[in-house]
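Participant: Predicted model, plus sequence, below.
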Amino acid sequence: MAVDLISELIEYKDEERIRLGMMSSHRWRMDPKVLLFTMSRHKFVAKMLSGKAEALDIGCGDGWGAQIVLQEVGSIRGYDVDPLLVEECQANIKVENLSFNLWDFCSASLAQKAPAAYAMDVLEHIEASREDTFLSNVAASLTPDGVCIMGMPSLESQKYASVPSQKGHVNCKSGLDLRATLSRHFQHVFMFSMNDEVVHTGFFPMANYLIGLCVGPRS
């Protein structure tokens, strides 16, 4: 047994080291638990979208979460409005069936529709005056039976958020408000609460994070 373990360690020693993306690296340095929470959200997305031929990662950031979702779906097209993030993803993540593109869903929908999409930690950064345009373009980028997962910090959690987070979070919502907002653009919305890495169906005001599973984009 000891010999086998030593052989494995030698093999691991020679493997190329993995480099985190800029956002994931920052989270690891700031508080490793935050990276765990982010990865847990993407694991939930992966399991909910399991078997889908393709998914859109809207607000893909540094692309780290997409690699978790890719374990369960055929391919992923990642989109972000920040050219620096997109360029880093394109340069550093060379994974089959995973691409990264510059796109602003507040401006236009995609011509090539997909059966699934997700946007984790995106909607809270979009001004309320633009949220319907954003969601309308997301819905229009899906097939008629498309599925979309939206995740965001709860309004109630913001008193515990850091100052930089509070400045960037211009549109956090309560659970009921998020469901009402998503229902304007999708026929069915199933809501989940989340505390740390645990997803559940508990009391919205006690949730740190909210997830809406949306089915059937409205035309």
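Facilitator: Perfect, I can see it now. Numbering: from 1, shown residues only.
Participant: Run a quick neighbour tally on the closest residue to residue 175 other than its chain neighbours.
Facilitator: The spatial neighbour of residue 175 that comes closest, neighbours along the chain excluded (Cβ to Cβ, 6 or more residues apart in numbering), is residue 204 at 2.9 Å. Where you see a C-beta, it was placed from the backbone N, CA and C, and this is true even at glycine. The burial count assigned to residue 204 is 20, neighbours taken as other Cβ atoms under 10 Å.
Participant: tell me the phi and psi of residue 204?
Facilitator: The phi/psi pair for residue 204 (degrees, to the nearest 10) reads phi -50, psi -50.
Participant: Got the confidence number for it?
Facilitator: pLDDT recorded at residue 204 is 97.
Participant: which one's the longest strand in this protein?
Facilitator: Counting by DSSP state E, the longest strand found in the chain is strand 142-153.
Participant: Helices along this structure, start to end?
Facilitator: Ranges of helices within the chain are 2-14, 22-30, 32-48, 66-69, 83-92, 128-140, 163-168, 175-183, based on DSSP state H.
Participant: residues in contact with the third one?
Facilitator: Residues lying outside helix 32-48 but in contact with it, judged by Cβ atoms under 8 Å, 6 or more residues apart in numbering, are 24, 27-28, 64-66, 68-69, 71-73, 118, 120-121, 147, 149, 151, 192, 194, 196-199, 209, 211, 213.
Participant: for it, the distance to its chain's centre please.
Facilitator: Remark: helix 32-48 is offset 9 Å from the chain centroid, using Cα atoms, centre = their mean, to the nearest Å.
Participant: Ok, the shortest one next?
Facilitator: Centre-to-centre, helix 66-69 and its host chain are 9 Å apart (Cα atoms, centre = their mean).
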